[in-house]
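Student: heads up, no residue letters with this:
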């Protein structure tokens, strides 16, 4: 019951109202009938009240511009209200009051439980603030208020909401006057970026969002830039037909200044906003900033670089189109790693005694009942036994070390993180179902210890991560890092965000929304599990950080189809 209470408690007020009102109405009608047996018609008329309330309710809470969301969230309540009214009709027709009352009660209970599963396990939006009927400024202002009340990491990240209001609301007022939708979208992205949380993001109308954000990329000057392990910034992806190539800039050229400002200093002011990638940890921001800087400077930019003869030269480059495609190519190479092969939960042997397991997301099954059952149990016997059999089969083929590839892992269900980690870590993995009640973390349930913990804790394991390893993928990384046999390896840090999502604010006309986490995921010390704090630094320690000197960086960008990270992991395991 504590879990059920928590699931309803975390919903928004309109959902909570119907969950309280409908069962109360049925209970009240049962009691009232005892006193109104001689007034059957009046009692039957009272059974219409839930349907009337539902109609009034819908007139107030519908999502303007999104009939589908309205139907998904509220239809079941209408069905229950209708059946309560039919209960009254059955009594008028002299059918059994008790029989029909029991049927209605059971039917309503089942439907309400189904609604909980749908909202939590399928739609993944239990807590929604609806401001779709308001204009840009008013809906945005209400969104800030809503997040101040509901966002689970306000204290941990030290979010200053008054500062956010002062910074963004006046700008939004000017944007609304102009009607500039691109500027509107860009402001939403800037606002969500303030939280340094990959789970706080803008949703809706993806093509328009991408167009708006692509304009922030700036102008193309014929090159991108990359920060090497030596902290020097070099040119990469140089267009050999461009003016900058004519001036002597090529892949590997050291860039020293951008518009007269030392390139490191200029990069610090580059805002890393993209429709496809999230840069929330300082470690990833530090890598991404020179890439974003390469598009900034207006129609012309003054660039200083080290010539091949060792002298510094300064030239003026003229923009030639949008930088967006070149920037995307650079980000893909560093943060996306398109060269990864293998389907979700696939495995293979890649080098005599090295096995490989690919987990793209913690979604072993799309069956909501399976996921609900395993979430409540905080574990999946099915996943455990499946992977156990496959690893044993690889061992019989000579495998005695494993690469677990979590790069580009876009998250999923937390119970899968615990299940997979339990195969390799010898030691209990704590896991809780929690709720945030008025700023206080409440444990709804604690996971039972896992039997046969760590059957493969004697195998050397390398866990590969990157900037697209997020959410439940980070939880899995964090659990695995506790194993003495495990090495966390990658060329970028993970996202830095794993709190459970479920919060959402719907903005004007339901065209765009902001999602955010509402359920705490804490470690054994009661702190947010892996989420970055106010300093933005990653909290998952990398055991082996792969970096690139200038020569290695040039090779990386010239051969984007080659998986250098996987190659490094194989070399590491062979020694």
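Tutor: Cool, the structure landed. Note that the structure is a prediction, hence the values are computed from the model and not measured.

Student: spatially central residue for this protein, please.
Tutor: residue 199 (3.9 Å; C-alpha atoms, centre = their mean).

Student: shouldn't that residue be in contact with residue 518?
Tutor: No - using C-beta atoms under 8 Å, residue 199 makes no contact with residue 518, being 9.7 Å away. To be clear about C-beta, it is placed using only N, CA and C from the backbone, and glycine gets the same treatment.

Student: quick check: neighbours shared by the two?
Tutor: Where contact means C-beta atoms under 8 Å, 6 or more residues apart in numbering, the residues bridging residue 199 and residue 518 through contact with each are 499, 501.

Student: run a quick neighbour tally on the closest residue to residue 304 other than its chain neighbours.
Tutor: For residue 304, the nearest residue in space outside its immediate sequence neighbours is residue 257; the separation is 3.6 Å by C-beta to C-beta, 6 or more residues apart in numbering. Other residues lying near residue 257 total 17 when counted by other C-beta atoms under 10 Å.

Student: residue 303 is in contact with residue 257, correct?
Tutor: Yes - shown here, residue 257 and residue 303 form a contact pair, counting by C-beta under 8 Å, at 7.1 Å.

Student: now the common contact residues for those two.
Tutor: Here residue 257 and residue 303 have residue 314 as joint contacts, going by C-beta under 8 Å, 6+ apart.

Student: what's the burial count for residue 26?
Tutor: Around residue 26 there are 20 other residues, counting by other C-beta under 10 Å.

Student: and the one 10 residues further on, by the same measure?
Tutor: Burial measure for residue 36: 15 neighbouring residues, criterion other C-beta under 10 Å.

Student: off-centre distance for stretch 407-416?
Tutor: 10 Å (C-alpha atoms, centre = their mean, to the nearest Å).

Student: determine how far the last residue of it lies from the first.
Tutor: Between the start and the finish of stretch 407-416 there is a gap of 16 Å, counting by C-alpha to C-alpha, to the nearest Å.

Student: where does the prediction get shaky in the protein?
Tutor: Regions of the chain meeting the criterion pLDDT under 70 cover residues 1.

Student: I figured residue 394 hits residue 350, correct?
Tutor: No - counting by C-beta under 8 Å, residue 394 does not reach residue 350; the two are 10.4 Å apart.

Student: who has more neighbours out of those two?
Tutor: The residue with the greater number of neighbours, taking residue 394 and residue 350 and applying other C-beta under 10 Å, is residue 394; the counts read 21 against 15.

Student: what about the more buried one, which SS state?
Tutor: helix (DSSP: H, G, I helix; E, B strand; the rest coil).

Student: grab the nearest non-local neighbour of it.
Tutor: Spatial nearest neighbour of residue 394, chain neighbours left out: residue 355 (4.3 Å); criterion: C-beta to C-beta, 6+ apart.

Student: also residue 41?
Tutor: Setting aside the residues directly before and after it, residue 41 is nearest to residue 92 in space (C-beta to C-beta, 6+ apart), at 6.7 Å.

Student: pretty sure the residue nearest to residue 304 sits in a strand.
Tutor: Yes - Residue 257: assigned to a strand according to three-state DSSP.

Student: residues touching it, list them.
Tutor: Shown here is residue 257, whose contacts under the criterion C-beta under 8 Å, 6+ apart are 263, 266, 302-304, 314.

Student: specify which member of these is nearest to residue 243.
Tutor: Using C-beta to C-beta, residue 303 comes nearest to residue 243 of the contacts of residue 257, at 10.5 Å.
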